[in-house]
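Colleague: Got a sequence here, can you build the structure:
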Amino acid sequence: MMQLIVAVALWGLVGALAIGTRRRTDQSILYAAVMIAVSLTLNIDAVYFAADGVLGGRNYADVPANLLLLLGVYFLSRAILRASSPSRAHATARPFRIGAIITASLMVTTFVFIDAPTTSGTFMRDFGNQPAAAAYSLVQFTYLGIVVALTGTICLRFAGRMSTAARRLGFRVVGTGCGAAVLTALSVVGMDLAHVFGAMPLLALFAGAYNVLNLAAILLLCFGLSLPPILGWVSNTIDRRKLQAVLPDLTRIWIEVSAQHVELRDESHPHAPGSVPRDVDKVVHRTLVEIRDALLFDPSARDRLTDEDLELLTATETRIGAQRTSA
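Modeller: The predicted structure follows:
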């Protein structure tokens with residue numbers, strides 16, 4: 001059941017990140033979320049048994065699942081670091097990349113020495129007493145723990161510098177989630193060592209901690225990463241509705257201030273409001289530009305506007321400017 005909750009949360013994150021695809025130039029955070037979602041979806045028994053059956057039924061599916069998790073966390077950390085502190089992202093790029101390559105190579109190498117002849121939905125519980133299996137898990141979660149520790153620290157340190165309240169809150173939640181992920185990695189290391197040395201009471205203790213910490217880490221990370229795109233979408237929807245509501249008044253103002261301008265040029269306006277069936281923010285922005293151009297051409301046209309009309313123009317320009325700044 002926990003595996004299903006984790007998978008649903010991660011695919012929910014993928015959906016949330018997809019909302020802002022058109023607004024983001026860097027899509028690496030979305031690709032990373034997809035990798036992690038696929039990886040942890042393979043933890044669902046039915047999915048894992050089906051995938052491993054295709055690969056020969058000897059737990060070979062565990063390798064691509066864990067490599068996807070490794071790569072997903074690597075790319076996710078890079079994306080988060082670039083968003084929070086580009087200088088730190090640049091400084092950690094080479095160590096993170098080299099660490100990921102070494103870790104992946106060690107994982108594949110140690111897996112070869114694990115004796116796991118039958119498909120198991122509890123791979124480490126069944127085979128974790130083997131030194132090779134312990135090493136396979138240890139190298140992975142040691143790397144993951146280091147990466148998320150550094151990422152979480154930088155998130156919390158630079159969260160206050162984010163441009164919007166949604167991003168500031170999101171980065172703080174992500175930083176907290178990274179903290180829970182570090183504790184999750186430590187609990188896995190504890191389980192690996194306890195299992196290989198036969199300390200079963202300690203194994204049970206670490207396993208109980210892992211169940212709670214892993215779920216908390218995933219939910220916090222998913223919530224924190226999905227906040228900016230979801231709240232941004234809600235904010236944009238509200239702004240678009242407000243712009244749609246003022247568009248008729250802007251159209252009236254445009255007609256009043258540009259009528260003489262159009263008559264002098266003896267042509268219909270190529271960007272008249274209502275003639276451009278595009279996004280309302282683009283229509284409103286173009287209308288504002290045309291109104292200001294008309295006022296520059298004929299300053300006396302301002303006398304035909306009321307104080308309420310001028311306030312509406314100023315307020316709409318401010319809203320459009322704020323929208324473009326936060327985009």
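Colleague: so how far is Leu231 from Gly170?
Modeller: 8 Å (Cβ to Cβ, to the nearest Å). The C-beta positions use only the backbone N, C-alpha and C, and glycine is treated the same way.
Colleague: out of those two, which sits in the busier spot?
Modeller: Neighbour count, other Cβ atoms under 10 Å: between Gly170 and Leu231, Gly170 has more, with 24 against 16.
Colleague: Three-state assignment for the more buried one, please.
Modeller: Of the three states, Gly170 takes helix under DSSP: H, G, I helix; E, B strand; the rest coil.
Colleague: mind listing what it touches?
Modeller: Neighbour list for Gly170: 162, 224-228 [criterion: Cβ atoms under 8 Å, 6 or more residues apart in numbering].
Colleague: per the record, what domains does the protein have?
Modeller: Using automatic domain parsing, the domain ranges for the chain come out as 2-233, 237-326.
Colleague: what pLDDT, on average, does the longest one get?
Modeller: In this case it means domain 2-233. For domain 2-233, the mean per-residue pLDDT is 91.
Colleague: and the gap between Ala104 and Arg97?
Modeller: Counting by Cβ to Cβ, the gap from Ala104 to Arg97 is 11 Å.
Colleague: So these two - more neighbours on which side?
Modeller: Ranked by neighbour count (other Cβ under 10 Å), Ala104 and Arg97 place Ala104 first, with 19 against 12.
Colleague: isn't the more buried one right up against Val73?
Modeller: No. Using Cβ atoms under 8 Å, Ala104 is not in contact with Val73; the gap is 11.8 Å.
Colleague: The most centrally placed residue in the chain sits in which helix or strand?
Modeller: Centroid-nearest residue in the chain: Leu225, 4.4 Å away (criterion: Cα atoms, centre = their mean). If you go by DSSP states H and E, Leu225 is part of helix 200-265.
Colleague: Tell me how far that helix lies from the chain's centre.
Modeller: Relative to its chain's centre, helix 200-265 lies at 12 Å (Cα atoms, centre = their mean, to the nearest Å).
Colleague: which stretches of the chain form strands?
Modeller: Along the chain, no segments are classed as strands by DSSP state E.
Colleague: just the helices in it please.
Modeller: 2-19, 28-41, 45-55, 62-84, 86-112, 123-127, 131-158, 165-196, 200-265, 280-297, 307-326 (DSSP state H).
Colleague: if you skip the residues just before and after it, what's nearest to Gly198?
Modeller: Asn129 (7.3 Å; Cβ to Cβ, 6 or more residues apart in numbering).
Colleague: Read off the pLDDT value for the nearest residue to Asp249 once chain neighbours are set aside.
Modeller: Spatial nearest neighbour of Asp249, excluding adjacent residues (Cβ to Cβ, 6+ apart): Leu312 at 5.9 Å. For Leu312, the pLDDT comes out at 87.
Colleague: so who does Leu312 touch?
Modeller: 246, 249-250, 253.
Colleague: And Leu202, by the same measure?
Modeller: 190, 194.
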